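K.L.:
Provided below are the primary sequence and the corresponding predicted coordinates.
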Amino acid sequence: MLVLLTVTVFLIEIVPLELQRRIVNDLVKNRNYSYVLVLCAVYGGVVLVHGATKLGLNVYRGWVGERATRDLRRRIRRLAGRGPDPVPDPEAQGIEVAMIVAEVEPIGGFVGGSISEPLLQAGVLLSVLAYMIHLDPWMALIAVTIFAPQLVFVPLMQKAIIGRTGARVQVLRGLSISIVSAGYDETTSGRADDARIDRVFALDMGIFRIKFTMNFLMNFCNHLQVIAALLLGGWYVLHQELEIGGVVAFISGVGRLNDPWGDLVNYFRDLSVTSVKFRLLAGAIDRFAHGGDPLADVR
């Protein structure tokens, strides 16, 4: 069902671009306002169908993710109580609390969009790119050339974010263990906890700096694509090699080309980060169930 809804959404995506081109061209060329009214009505209907389909996709995807989160929490709670040690271990309880309350949330949420999200964004990306090539191959080539540097700096910055995220999960687990451990000593445990909190702060700030710098560079490349479209498209219009509606549709297409790319970047970052979190979670669950040390990752 998710795949079916996803394919429907990205197939409808390019219809508004073509309607924009036809509306602008008809106003400039034929000045037939009655035809423009018809096209605008069709445009509104297409947007309504597209939005409603995407709404259904998002709600259903959220439902799948929440089901996965609920299932993970139940499994952790059940397995943690079946360990061979009948005496509750405060440290084990601390990591159990961290997993049930916080760590399963992003993992379960990712499950809902794990298939539909890359399919949707890749489908939108390819369909819009095909439409831009249909409008003008040279303008499409320039847009792709300006876009290409993102294929270099985005993966490098993503890798830096992922490394910091894995370290953050382990530090938070250590903090949870310390909080629920018996015999809390303000002079010893308190200083250690403060150091952990400071470490989480430093890791979070590092993630923010890399993430928003990457967004800045991506946004700069996006605007360069628009400038290139205006320059080349304006030249074509002046020499009557392209209608003005084509330039308008192309610029709109550039925006729709960059949106799914940004979403794909976020998806693969979430995929890598969630993989790290899931490996840590699965390792702790396995040690809970088989009598190993559930704290091995944070010692």
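P.N.:
Great, that's in hand. Numbering: from 1, shown residues only.

K.L.:
residues contacting Ala122?
P.N.:
260, 264 (CB atoms under 8 Å, 6 or more residues apart in numbering). C-beta here means a position set from N, CA and C on the backbone, and glycine is covered the same way.

K.L.:
Check Val24 too.
P.N.:
244-245, 248-249.

K.L.:
Make JSON lines out of these and add secondary structure.
P.N.:
Output for the contacts of Val24, formatted as JSON lines (DSSP: H, G, I helix; E, B strand; the rest coil):
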{"residue": "Ile244", "secondary structure": "helix"}
{"residue": "Gly245", "secondary structure": "helix"}
{"residue": "Val248", "secondary structure": "helix"}
{"residue": "Ala249", "secondary structure": "helix"}
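
K.L.:
Between those, which sits nearest Ile14?
P.N.:
Ala249 (9.5 Å; CB to CB).

K.L.:
Once you drop chain neighbours, what's closest to Val200?
P.N.:
Of all residues not flanking Val200 in the chain, Val171 sits nearest, at 5.4 Å (CB to CB, 6 or more residues apart in numbering).

K.L.:
name the element that neighbour belongs to?
P.N.:
Val171 belongs to helix 150-180 when elements are defined using DSSP states H and E.

K.L.:
Might one say that the residue nearest to Val200 is in contact with Arg196?
P.N.:
Yes: if you go by CB atoms under 8 Å, Val171 and Arg196 touch, sitting 5.3 Å apart.

K.L.:
one step back: looking at the contacts of Val24, which is nearest Tyr131?
P.N.:
The closest of the contacts of Val24, once distances to Tyr131 are taken by CB to CB, is Ala249, at 7.9 Å.

K.L.:
could I have stretch 54-65 exported to CSV, CA atoms only?
P.N.:
What follows is stretch 54-65 as a C-alpha-only set of coordinates in CSV (Å, rounded to 0.1, in the frame of the first residue of the first chain):
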residue,chain,number,x,y,z
LYS,A,54,0.2,12.6,0.0
LEU,A,55,-1.8,13.1,3.2
GLY,A,56,-2.9,9.5,3.1
LEU,A,57,0.7,8.4,2.5
ASN,A,58,2.0,10.3,5.4
VAL,A,59,-0.7,9.2,7.9
TYR,A,60,-0.3,5.6,6.9
ARG,A,61,3.5,5.8,7.0
GLY,A,62,3.2,7.3,10.5
TRP,A,63,0.9,4.4,11.6
VAL,A,64,3.5,1.9,10.4
GLY,A,65,6.3,3.6,12.2
